[in-house]
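# Generate a structure from the sequence data that follows.
(2 chains)
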Amino acid sequence: MLTMAQLLEPLRRHRTDQVVVTTMSAARPWGRISDHPLDFASIDSAMGHGADLSLGIALARPERKVICLNGDGSMLMTLGTLATVVGSGAANLILVVCDNGRFEITGNQPVAASGRVDHSGLAEAAGFRTVFRFDEPHEYAGALPTVLAASGPTFVHALMKPGREGPISRSSSEDAPYLRLSLADAARSVRGALLGRLPL
Amino acid sequence: MSDPAKPTETLRALISRGVTHVVGLPDSISGPLFHEAVRHPSLRLITVTREGEAFALATGLWMGGASPLVVIQNTGLLESGDAMRGTALRIGAPIPILVTGRGYTKMRTAGVAPEGPLSRALLTRADVDTTAVFTERTLEAWGVPFRLCEGDDDPAEILLEVIDAAREHDHPTALIVARALT
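From the prediction side, this is the model:
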């Protein structure tokens, strides 16, 4: 099992010019270690739709990889997205499901069928070109360059230890800079960076 | 199915306004547009599995610099509440929405007005498809401006106005089409 830090710190080291979209329990920890123009938190947004939004960015910018750090509860809300991703042919999307079996930010209640849903199996059955499954931190860290370079759509099933992140807001009191903006301003900031209006 | 050599007026409208992606799910009214979009060299068709996906996906497309159009039936619109609220509306993305209007003919034939009271008697009537009854009031509740196209109205012409309005106000804007597309 990986901790959130064991998942995110290697990604921060290897990340170059990819868009990173975070959701739920990954959002605040990522914003504490990364302050990049192409970071976007799908927070104060729509339940379970971070992967769809990430797919849209990926389809609009095929020259750039888009990494979505999704939760397992979020993924279960929109499983059809797996088929939409495959049908769209987005080779530049890396969909990471952080599977801790819990709704962490609401107090670690178990998700439906916690620990019994094989997310990597679902992705393979849906037709993802490349699927990885990690439950050991060193194996994940060592494979990350391969994950980022793989021909997609790519799915990463990360088996996680439940953490202790509390409810997330968008406000000036958040320690992650990208959570201090409104969702609308954050989206425009990323859009501006992708369109070359802001420095990368 | 439409003639591939003769683009429909609706398709011409999309091309003239620089729409890059059609995102949604087809029904019998929008089916011809999907057939055309999948073949057109300057349009990309993205078929989703559930309508809520379309709003998040279209918002991501807009964030990436594309110009999407969402095409869904009004049943799917009702399914899409939180997805539209939390993405296109919350972000203020200028996304035009073509909503095909199931149930409008039955509603008109039954003499029911879409703005009338929602009594149990109305909502359980066999000769009324309540999808139409809920469509306009739902858009109003969500703060989505809309135009209705039925009868002799020209859907392509109104679609152009809806696309322009969405872009002018940086806000999702809908066209309800309760007739065949041209």
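# Can you pull out the low-pLDDT segments for chain A?
Scanning chain A for pLDDT under 70 picks out A:198-200.
# if we go to 90?
For chain A, applying pLDDT under 90 flags the ranges A:105, A:166, A:169, A:175, A:197-200.
# Would you map the strands across chain B?
Ranges of strands within chain B are B:21-24, B:44-47, B:68-73, B:96-100, B:146-149, B:173-177, based on DSSP state E.
# and of these, who's closest to chain A?
Proximity to chain A (C-beta to the nearest C-beta) singles out strand B:44-47 among these, at 5.4 Å. (Glycine included, C-beta is placed from N, CA and C.)
# before we move on, the earlier item: now the strands of chain B in CSV, with distance to residue A:127?
CSV is the format used below for these (distance: least, C-beta to C-beta, whole Å):
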stretch, distance to residue A:127
strand B:21-24, 20
strand B:44-47, 14
strand B:68-73, 23
strand B:96-100, 28
strand B:146-149, 36
strand B:173-177, 33
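# what sits against the residue in chain B sticking out farthest from the centre?
Farthest-out residue of chain B from its mean C-alpha position, per C-alpha atoms, centre = their mean: residue B:121, at 28.4 Å. Remark: with contacts taken as C-beta atoms under 8 Å, 6 or more residues apart in numbering or on different chains, residue B:121 is in contact with nothing.
# Which positions in chain B make contact with chain A?
B:20-21, B:23, B:44, B:46-50, B:52-53, B:55-66, B:68, B:82-87, B:90-93 (C-beta under 8 Å from any C-beta of the partner chain).
# remind me which residues of chain B are low pLDDT?
Looking at chain B by pLDDT under 90, you get B:1-8, B:113-116, B:180-182.
# For it, just list every one of the helices.
Taking DSSP state H, the helices of chain B run over residues B:9-16, B:31-39, B:51-63, B:74-79, B:81-84, B:90-91, B:104-109, B:120-123, B:130-142, B:155-169.
# what residues does the last one touch?
This points to helix B:155-169. B:8-10, B:12-14, B:16-17, B:19, B:69, B:94-96, B:98, B:145-147, B:149, B:172-175, B:177, B:179, B:181-182.
# What's the PyMOL line that selects buried ones from these?
Restricted to buried positions by 16 or more other C-beta atoms under 10 Å in any protein chain shown, the PyMOL selection for these reads:
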select buried, chain B and resi 8+10+13+14+17+19+69+94+95+96+98+146+147+149+172+173+174+175+177+179+181+182
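# excluding its backbone neighbours, what's nearest residue 84?
The chain I'm using is chain A. The shortest distance from residue A:84 to any non-neighbouring residue, by C-beta to C-beta, 6 or more residues apart in numbering or on different chains, is to residue B:48 (5.0 Å).
# not quite, I wanted chain B
In space, residue B:84 is closest to residue B:55, 4.5 Å off (C-beta to C-beta, 6+ apart).
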